[in-house]
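Chemist: Make a model of this:
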Amino acid sequence: MTGSPSGRAGLFLSFEGIEGSGKSSQVARLARRLADAGHEVVATREPGGTPLGARLRSVLLEKDGAPIAPCVELLLYAADRAQHLSEVILPALRRGAAVLCDRYLDATVAYQGYGRGLGAATVLALHREPPLDLRPHRTLLLDLDPAIGLARARARNAAEGIDAAEGRFEGETLAFHRAVREGYLALAAAEPGRVRVVDAAGTEDEVEARIEAALRDLLAPIGELAP
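Modeler: Here you go, the predicted structure:
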């Protein structure tokens, strides 16, 4: 992939991984530490990082909603991303903010390209022109055994009462999630400079320490993190 935002102000980080890998918790932790160190931080997510995106999220993630053809699912994610970039991500980067995004393009390659079988090339073909050509400075891939992650995610959804509203992918088979993980690992192997694989097993503190190690070269120029 091309189109790194290196010529722009700000820092763009994306967090990726299968269901239950702990992305959201780690986004919140890093956002808090960067804010405590005096940086403007925009913590956001896909789908759902804009008002339009929130409406698309409900369609894409509703467990018992109408069936969505894989190609339509792909286009809805691309539409969410285009709005997200225009409304949130690009303006924040131009202000010099640190943007932390819970899922981005790599999720679409992994889930729709590999999981749904559309192929990575089909997904990437939609992301060749601005604003969809933008890539993060660094992507943290929180890697976890799909059986463990899926069990975590299903338990979380049940505890939070969101299984019906956001359980479409948690309802997929273990084979689907294994294909998604394979897609993620293929992306990491193809782009080791941008995508860093982080072991997501262990405590949140342990995973946070691994993430900081994977970001040390990028975080040093913008100032030390608050302890």
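Chemist: gap between G53 and G117?
Modeler: 25 Å (C-beta to C-beta, to the nearest Å). Backbone N, C-alpha and C define where each C-beta goes, glycine included.
Chemist: now stretch 90-108: how far from the chain's centre is it?
Modeler: 10 Å (C-alpha atoms, centre = their mean, to the nearest Å).
Chemist: Can you tell me the closest non-neighbouring residue to P131?
Modeler: Counting by C-beta to C-beta, 6 or more residues apart in numbering, P131 lies nearest to L85, which is 4.1 Å off, once chain neighbours are set aside.
Chemist: quick revisit: same drill for G53 and G117, tell me which one is more crowded.
Modeler: Just comparing G53 and G117: by other C-beta atoms under 10 Å the higher neighbour count belongs to G53, 23 against 11.
Chemist: got the contact list for the more buried one?
Modeler: Neighbour list for G53: 46-47, 80, 83-84 [criterion: C-beta atoms under 8 Å, 6 or more residues apart in numbering].
Chemist: Which of these fall in helices?
Modeler: 80, 83-84 (DSSP state H).
Chemist: Closest one to D145 out of those residues, please.
Modeler: Distance to D145 across the ones in helices among the contacts of G53 (C-beta to C-beta) is lowest for D80, with 28.4 Å.
Chemist: Check which element follows the worst-scoring helix or strand of the chain on mean pLDDT along the chain.
Modeler: The least trusted helix or strand in the chain, going by mean pLDDT, DSSP states H and E, turns out to be helix 163-166, with a mean of 84. Per DSSP states H and E, the first helix or strand lying C-terminal to helix 163-166 is helix 174-190.
Chemist: Can you name the next helix or strand after that next one?
Modeler: Following helix 174-190 in sequence order, the next helix or strand is strand 195-199 (DSSP H and E).
Chemist: List the contacts of stretch 163-177.
Modeler: Here stretch 163-177 makes contact (C-beta under 8 Å, 6+ apart) with 18-19, 57-58, 60-65, 111, 115, 146-147, 149-150, 153-154, 157.
Chemist: Repeat the analysis, applying 6 Å as the threshold.
Modeler: Applying C-beta atoms under 6 Å, 6 or more residues apart in numbering, the external contacts of stretch 163-177 come out as 18-19, 61, 63, 115, 146, 150, 153-154, 157.
Chemist: So L132: helix, strand or coil?
Modeler: Under the three-state scheme (DSSP: H, G, I helix; E, B strand; the rest coil), L132 adopts coil.
Chemist: let's number from 101 now, not from 1
Modeler: Will do, 101 is the new start, and the previous item becomes L232.
Chemist: give me the number of residues near it?
Modeler: L232 has 16 neighbours, counted by other C-beta under 10 Å.
Chemist: H277 now?
Modeler: H277: 24 neighbours (other C-beta under 10 Å).
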